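Novice: Here is my input; please provide its structure:
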Amino acid sequence: MYWVPATGSPFTPSNVSGTTITVSSTSNLTAGMYVESSTYNINTTISSITNGTQFVVASATNITTSTPLNIGTWVTAVVGAQGNQGNQGTQGAQGATGTGAQGAQGAQGAQGNQGSTGTSTALATVNITAQSAAQAATTLYTPASDGLFTINYYAKITTAATTSSTLGVFSVISTDTDSNVVTSVGQSTQQNSLTTGFISGSITVYAKASTPIQYSLAYASSGATAMQYELRVVVAGTIAPSVTGTVSSFNGRTGAVTPASGDYTFSQVSGTAALATQVSGTLGTGNGGTNLTTFTAANNALYSTSASALTAGTLPVLAGGTGVTTSTGSGNVVLSTSPTLVTPALGTPSSVVLTNATNVPVNQATGTLAVANGGTGVTTSTGSGANVLGTNPVFTGAYETVSVSSTVLNGSTPASLAASTASLYLYTANPTASFTVNLTNVPTTTGQAVTFALGVVNGSSAYLPLNITINGTQAGASSSALPAQGATNNSITSYYQNATAWTAADASTLDYYTITCICTGSSAWTMLLAQTKF
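Specialist: As a prediction, this is how the structure comes out:
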């Protein structure tokens, strides 16, 4: 790279003090820029930027506050290969022994001339301008053969963002000859400037044939005006040479290599084989053959359509035979579709479907006969006498289960009554506070009902139930209040005996609470309540 003078309008310093030059702004200047006067070419560059309005040059000769200045710009040139270094000069002869002075060393040979500019053939190029977004992975070139490829790239900001921007990183995505996807990362810049905001470089990859070489470029911009850039990409490469020549060894053999048995498998061979001249051996039955080389009566092969020709062996089913040499019983041959057997002795079959069977003895059946088939659906019973059916049954000497508990009822321990367990409950311990009555397994089918009887033995302090729930639904207006006479809460309507709600329990005696729940709809019940002192 080198500098050439800018062709834009010059600017005039507001102050010159030695080599420090003050201007209105140094935002577009960087150290290393070439500076010249429109009147005098002072051949100097900016050596440093001291602050937002001052820069220092190597020499400020002939620059005054009235001298217009031009600022140089970057120019890139392609440089050819460096010439060979000149030979080193011959070393001087050593001085004579004694007081003579040592001979001077020979001068170094002159440096060789710079080589001419090299040339290269581009396999693919990218030239895009006025871009204001990232470049997603895009195929640059797909090599036909494995090879070494160099991707040269140059990206430059052409419109600066209002606030800030980031150009890059530039990346190359390729697949190596081991089928690994490799991402090579280049440069990026946060210089939001038309003169310093650029990236450039070279990335070399070794790419597999028929796999795309792709490039991508990241982008970020902040402010009302979006950063824009241009991108130039060139790919050049060298294809890996193919190998030719004479094979000197193969499968452990050297010298003149000729094919031998075992060099290849059938899966590696294409084409067809001539059975008469290229195939040896006998084709087994597993591969569709007969495993025979001749056909005779002695080897049991069926080789004729004439039944008389089969003089030995067993005729298989596929050939119209039975496939067996012995039989049992008498009569006709039994075929598989709708045969009629006459007094067969079946023995013990492994499986039989009795869907259409008749006259099966009951004592020969196993399992439990379901209710739908006229059974009870159970294998145990209790009590004695006749079976109980659903309509108007008469019970003789029936017993009822009572759940007796010594649990102490209080505000945190409710009386739990489950219809699936019992309908009569007795709590023998004196309660210590008012308690909730939880009724569960209450019928949810309209027209069905259940009645609970709850006995509570009170001490000298008697406590009423605090609230009643049906299948988890509260019957009272709150969790700490019994339902009012005739009130409906949560689809539960409550009625008390004599139309009077309970007001007190009876001390030192037994109170029995009778609660009948009648299902009147979906999650709706009518509850009948009674209190009896014993």
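Novice: which residue ranges form the strands in the stretch 201-350 of the chain?
Specialist: 213-222, 228-239, 249-250, 253-254 (DSSP state E, counting those that start in this stretch).
Novice: Would you format the ones you listed as TSV with distance to Thr189 and mean neighbour count included?
Specialist: In short, each C-beta sits where N, CA and C put it, glycine included. Formatted as TSV, the strands of the stretch 201-350 of the chain follow (distance: least, CB to CB, whole Å; neighbours: other CB atoms under 10 Å):
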stretch	distance to Thr189	mean neighbour count
strand 213-222	11	19
strand 228-239	10	18
strand 249-250	55	11
strand 253-254	59	11
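Novice: who wins for proximity to Asn441 among the ones you listed?
Specialist: With respect to Asn441, and counting by CB to CB, the nearest of the strands of the stretch 201-350 of the chain is strand 213-222 at 68.3 Å.
Novice: which of the residues in stretch 356-370 are buried?
Specialist: By neighbour count on 16 or more other CB atoms under 10 Å, the buried set for stretch 356-370 is empty.
Novice: how long is it from one end to the other?
Specialist: In stretch 356-370, first residue to last residue: 19 Å (CA to CA, to the nearest Å).
Novice: quick one: contacts of that stretch?
Specialist: Here stretch 356-370 makes contact (CB atoms under 8 Å, 6 or more residues apart in numbering) with 354, 375-379.
Novice: go on, stretch 159-166?
Specialist: The contact list for stretch 159-166 (CB under 8 Å, 6+ apart) reads 157, 188-190, 192-194, 197, 218-229.
Novice: Stretch 457-467 too?
Specialist: Outside stretch 457-467, the residues touching it (CB under 8 Å, 6+ apart) are 409, 411, 415, 426-437, 474-476, 478-482, 502-511, 513.
Novice: For Val450, find the nearest of the strands of the stretch 201-350 of the chain.
Specialist: Once the strands of the stretch 201-350 of the chain are compared by CB to CB, strand 213-222 is nearest, at 74.4 Å.
Novice: List buried residues within the contacts of stretch 457-467.
Specialist: In those, the ones that pass as buried (16+ other CB under 10 Å) are 409, 415, 426-427, 430-431, 434-437, 474-476, 482, 502, 505, 511, 513.
Novice: Looking at the contacts of stretch 457-467, which are in strands?
Specialist: 415, 426-427, 435-437, 474, 510-511, 513 (DSSP state E).
Novice: so Ser494 touches Ala481, yeah?
Specialist: No - taking CB atoms under 8 Å as the definition, Ser494 is not a contact partner of Ala481, at 11.4 Å.
Novice: picking up where we left off before, what's the most distant pair in the contacts of stretch 356-370?
Specialist: So, the contacts of stretch 356-370 by CB to CB: farthest apart are Leu354 and Val378, at 23.1 Å.
Novice: coming back round to it: nearest to Ile128, of the ones in strands among the contacts of stretch 457-467?
Specialist: Among these, and counting by CB to CB, the member closest to Ile128 is Gln474, at 74.4 Å.
Novice: Where does pLDDT dip in the stretch 251-400 of the chain?
Specialist: For the stretch 251-400 of the chain, the stretches with pLDDT under 70 are 255-258, 266-271, 295-312, 363-364.
Novice: The contacts of stretch 356-370 into TSV, with extra columns for neighbour count and distance to Gly262?
Specialist: Shown next, in TSV, are the contacts of stretch 356-370 (neighbours: other CB atoms under 10 Å; distance: CB to CB, whole Å):
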residue	neighbour count	distance to Gly262
Leu354	8	63
Gly375	11	74
Thr376	12	77
Gly377	10	73
Val378	9	75
Thr379	8	72
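Novice: And these, which is closest to Thr26?
Specialist: Nearest to Thr26 among the contacts of stretch 356-370, with distances taken as CB to CB, is Gly377, at 100.4 Å.
Novice: So for the closest one, what's the nearest residue that isn't a sequence neighbour?
Specialist: Spatial nearest neighbour of Gly377, chain neighbours left out: Val371 (4.5 Å); criterion: CB to CB, 6 or more residues apart in numbering.
Novice: and the one you found, what are its phi and psi?
Specialist: In terms of degrees, to the nearest 10, the main-chain angles of Val371 are phi -60, psi -40.
Novice: From Asn387, how far off is it?
Specialist: According to CB to CB, to the nearest Å, Val371 and Asn387 sit 11 Å apart.
Novice: Could you do Thr520 as well?
Specialist: To Asn387, Thr520 is 33 Å away according to CB to CB.
Novice: Which of these two has more residues huddled nearby?
Specialist: For Thr520 versus Asn387, neighbours defined as other CB atoms under 10 Å are more numerous around Thr520 (15 against 7).
Novice: give the contact list for that one.
Specialist: Counted by CB under 8 Å, 6+ apart, Thr520 has contacts 446, 493, 526.
Novice: Run through the helices of this protein in chain order.
Specialist: Assigned helices in the chain, in chain order: 275-278 (criterion: DSSP state H).
Novice: Low-confidence regions, it specifically.
Specialist: Using pLDDT under 70, the chain drops low at 1-9, 37-43, 60-61, 72-121, 239-248, 255-258, 266-271, 295-312, 363-364.
Novice: Geometrically speaking, which residue is the centre of it?
Specialist: Nearest to the geometric centre of the chain sits Val181, at 20.5 Å (CA atoms, centre = their mean).
Novice: That one - nearest residue in space that isn't next to it in sequence?
Specialist: Closest residue in space to Val181, ignoring its immediate chain neighbours: Thr175 at 5.5 Å, by CB to CB, 6+ apart.
Novice: Distance of the one you found relative to Thr526?
Specialist: Taking CB to CB as the measure, Thr175 falls 80 Å from Thr526.
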